[in-house]
Structures are given as C-alpha cells and as structure tokens.
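Pasting the sequence and the predicted coordinates here, then a few questions.
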There are 2 protein chains.
Amino acid sequence: MTIHKGIRTGGRSARVQQSVHAAVKKLLESHDRADVTVPMIAQSAGVTPSTIYRRWGDIATLLADVALERFEPDEHLPDTGGFRGDVLAYAELYLDEMSSDLGRSMLRDVVATDDNNCALRCAELITKRLVVLAERAVARGETPPSTAFLIDGIFAPMVYRILFSETAPDNAYIRTLVDRCLPAD
Amino acid sequence: MTIHKGIRTGGRSARVQQSVHAAVKKLLESHDRADVTVPMIAQSAGVTPSTIYRRWGDIATLLADVALERFEPDEHLPDTGGFRGDVLAYAELYLDEMSSDLGRSMLRDVVATDDNNCALRCAELITKRLVVLAERAVARGETPPSTAFLIDGIFAPMVYRILFSETAPDNAYIRTLVDRCLPAD
DNA sequence: CCATAAAAGCGAATTATTTGCGTTAAGTGC
DNA sequence: GCACTTAACGCAAATAATTCGCTTTTATGG
C-alpha cells in the first residue's frame, strides 16, 4: 500500500484569501484599527462573515495574518558592504515600518493572537533576514555573531519599546543598540 | 480661591471595582482566558455588563487592569547583598511569574489594550523595582548601570521571547543575559 | 439637608458571532 | 476527460455580545 495518497484540498481558498486580505488593507487605510469589524471586512471583500470566522477564528488573527503578509515581501535587504552597516540599515528599516501607528497596531495584533503561530512567524521574519545578512558577511570573510545575540541586543529592545513605551524609539537609539553588539572598527 | 475642591467621585465605584476584580481572578482560575466573557464576569461580580463596558471599555483592558494589580503588591524584592545578585534574583522572579500560561496571557492583554496606558504601567513596574535595587546598590557604594541599560539587556529580551517564542526562556538564559550586562567580578 | 455630579442599574435595540445544512469549486485517481 | 471526494463557501437562523437612553444611587460641597 502506497502511503502518499495525495491529500484532497478542495474548496476555493486562494481567491477568498486574496479578496479578504485586500479588503483589510483597504479598510485600514481609511479607518482606525479599532473601528474595523469582521462584517465590514466581509462586505468589502464580497464574502459572508461566517467565511471569515471559520477561516481565521477572530479578527485579531485575521489582522495579524494580513500584517505578516505585508511584511514578508522582503524586497530589498540593504547591502552596505559590511555586516555592521547591513544590520544597522535593516534595523532602521524595521523601526521605520513598526513604529508607525499602523506598524504598532500590527505588532499588537500579532502578539494578541490566540495561537502564537503568528508571533512565531513574526519573529522568524527577523531571524531569516539576519541569517541572510550573516551569510553575506561570511562570504566576505567576516565572522558575525549569532542571530540570537543580535535579536537580544537590538530587535528585542526595539520591539519592547515600541510595545511598552509612550514614544517610539528613534534612529539614534537604534544606533546605540547596534554599537553595543557590533562595536565599530 | 482654593484650588483643591476635592473631586466629586459619585457613584459606587470602589465596591464595584473590587467585586469585578475579584470575579475576574476567580474565573481565571477555573476557565481558560479565551472563554471568559464580559457578561460572565458581570454575573459573577453581581453587576450588569454595561457597567463593565462603560468602565473598562473592553475585556482586554479589564483583564490587563486586573493583571497589573496582581503584580503591583511587590511584597519581597530580593536582597542578596550585591546589585548583580539582586538583579538576577528579580529577573528570575519576573520570568517565573510571566512565563506561565497565565503570565503570558496577562502580558498579551496588557500589550493588546487600546490605550497603551496599561503597557506603560506594566513597563514602569520593572523600572520602579530596578530603581529600588539601584538605590540600594548606591547606598552600599556600588555604581550600577542605568535602569534603561538593564531593561534593554535583560528584561526586553526576556519579554520578547515570552511573547514571540514557542517556548519560554529558562533561568540559564536569564543568567546569560545578566552576565552580558553585569559581568561577574 | 439640599443640590450636584459621577457612577451604576435596567432593559431594549443593535451588532457581532456561532452553527447547521445545502451547494459549489478544486484536486485526485481512473 | 469523467466521476468522485472533500474542503471551503453561502445562507439564514440562533445565540451572544455590545451599545444606548433613561433612571437611580451615592459621595461630596455648600
């Protein structure tokens, strides 16, 4: 008996996911995050609310899902010719994305989601990019520290302050964090 | 004109707050956090749901409020005779409180709350205790680093991992963080 | 005590969420 | 291609949560 029977996927998942995600993005441009409701999204996406509830469970999970997709694209990782410069540039980019009102509320949605899958994916987003930067550095003959060390030293404090402080951190603060982990030559 | 007119408090606020807080605590012992609803709390507290909605706005804010109260008591800050030991002991205490299922969901509630007052209060909780430890250290003739530095180096990474990782950090990890900020003599 | 203001109660109206059931769209194997 | 299987969806009814207008209670100041 061959095991790999190939799973039946069924359904119409792709199209619905696209239109719902698009609806969320559009609504978030014109409405405050707290004012966006599931029925509102459903109507804008041309689906019924029950579809959304069945698929995502609650609005926090849906918003987190959209947020993650938005950050995935990973267009252009900076390339400054050195590991320290790359990390600093990426950290500033990340700060820029996450310290806006929209970015902050996305982070909150990601954290608030029941199953912490979203949070995991969010954290991996940083890890994966740091790995890319580190591989580049190794190829150049540098010996970068571990990604865990950089997350502890740079990204964790940044995210902490975005989530818990009144005012978002600025680039000067980021530079201080980077200096601690990666002393300039 | 004397300024201090004494504000009108009106209502029955104190009693209601107490019974609602108590109801939340009791319910969280027997129910999963996601299963606790506002009407449920209201009934258990002997008030109407609308009272809770008017006073706290939503369930996240209420749960965050209760969570913060729970952590305030600040019974016994460790006193090990040295700043490094004190910080390590407090960090381990904090980890113990926050890495449980209940602690984690409290952190999430605090972060998810709309007005970030709760998050501010939560962060100040750490700051205030570190200040106490630092004052003690100064009185002993030590010269401790700033609280901001310790938060960046120890508490931010700890909270980051509690919120974003699959598995909570352990004491060994905390010790590593402390070692980085406060090298042993 | 009386006036006042803040907070809470009550219940109806509104909205959001869950659920059951029939239907439809995709993938699978022949 | 064609039948078959299954996950995903729409619809609508049922349930639950949230908001709203109005009344009542309580603490405080005069």
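Ah, there it is. Note that the structure is predicted; figures quoted are calculated from it, not measured.

According to the record, where do the domains of chain A fall?
Using automatic domain parsing, the domain ranges for chain A come out as A:13-57, A:71-181.

Buried deepest among these, which one?
Mean neighbours per residue, mean count of other Cβ atoms under 10 Å in any protein chain shown, is largest over the domains of chain A for domain A:71-181, with a mean of 17. Where you see a C-beta, it was placed from the backbone N, CA and C, and this is true even at glycine.

anything in it sitting right up against DNA strand D?
No - Domain A:71-181 stays clear of DNA strand D (Cβ under 7 Å from any atom of the strand), getting no nearer than 13.8 Å.

Averaged pLDDT, that domain. What do you get?
Here the mean pLDDT over domain A:71-181 is 92, rounded to a whole number.

Generate a markdown table for the domains of chain A, with distance to DNA strand C as supplementary columns.
Putting the domains of chain A into a markdown table (distance: least, Cβ to the nearest atom of the strand, whole Å) gives the following:
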| stretch | distance to DNA strand C |
| --- | --- |
| domain A:13-57 | 3 |
| domain A:71-181 | 11 |
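
now for those domains, which one comes closest to B:A137?
domain A:71-181 (21.3 Å; Cβ to Cβ).

Endpoint to endpoint, that closest one covers what distance?
Using Cα to Cα, to the nearest Å, the gap from the first to the last residue of domain A:71-181 comes to 25 Å.

which helices and strands sit right next to the lengthiest helix in chain A?
The single longest helix within chain A, with elements called by DSSP state H, is helix A:117-139. Helix A:117-139 makes packing contacts with helix A:59-71, helix A:83-98, helix A:101-112, helix A:147-150, helix B:156-164 when contacts are defined by 3 or more Cβ pairs under 8 Å, 6 or more residues apart in numbering or on different chains; DSSP states H and E.

got the CA positions of that helix in CSV?
Once side chains and other backbone atoms are set aside, the C-alpha atoms of helix A:117-139 remain, and they are given as CSV (Å, rounded to 0.1, in the frame of the first residue of the first chain):
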residue,chain,number,x,y,z
ASN,A,117,1.8,30.9,15.4
CYS,A,118,1.5,34.5,14.2
ALA,A,119,4.0,35.6,16.8
LEU,A,120,6.4,32.9,15.8
ARG,A,121,6.2,33.8,12.1
CYS,A,122,6.7,37.4,13.1
ALA,A,123,9.9,36.6,15.0
GLU,A,124,11.1,34.4,12.2
LEU,A,125,10.8,37.2,9.8
ILE,A,126,13.6,39.0,11.6
THR,A,127,15.6,35.8,12.1
LYS,A,128,15.5,34.9,8.4
ARG,A,129,16.7,38.3,7.3
LEU,A,130,19.5,38.3,9.8
VAL,A,131,20.6,34.9,8.5
VAL,A,132,20.8,36.3,5.0
LEU,A,133,22.9,39.2,6.2
ALA,A,134,25.1,36.8,8.2
GLU,A,135,25.6,34.5,5.2
ARG,A,136,26.6,37.5,3.1
ALA,A,137,29.1,38.5,5.8
VAL,A,138,30.6,35.1,6.0
ALA,A,139,31.0,35.1,2.2
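
what sits up against it?
With contacts defined as Cβ atoms under 8 Å, 6 or more residues apart in numbering or on different chains, helix A:117-139 is touched by A:61, A:64-65, A:67-68, A:71-72, A:74, A:77, A:79, A:82-83, A:86-87, A:90, A:94, A:107, A:109-111, A:113, A:143-144, A:147, A:150-151, A:155, B:163-166.

how close does the nearest residue in space to A:A91 that is not next to it in sequence get to chain B?
Counting by Cβ to Cβ, 6 or more residues apart in numbering or on different chains, the nearest residue to A:A91 once its immediate chain neighbours are dropped is A:I174, at 5.1 Å. Using Cβ to the nearest Cβ, to the nearest Å, one obtains 11 Å as the distance from A:I174 to chain B.

Please apply the same query to A:L163.
A:L163 sits 5 Å away from chain B when distances are taken as Cβ to the nearest Cβ.

dump the residue contacts of that residue.
A:R104, A:L107, A:R108, A:V111, B:V111, B:A119.

Skip the chain neighbours and tell me the closest residue to the last one.
I take that to be B:A119. A:F164 (4.6 Å).

Tell me who's in contact with the one you found.
By Cβ under 8 Å, 6+ apart, A:F164 lies in contact with B:V111, B:N116, B:A119, B:L120, B:C122, B:A123.

now do 10 Å
When contacts are counted by Cβ atoms under 10 Å, 6 or more residues apart in numbering or on different chains, A:F164 touches B:107, B:110-111, B:116, B:118-124, B:126, B:151, B:155-156, B:159.
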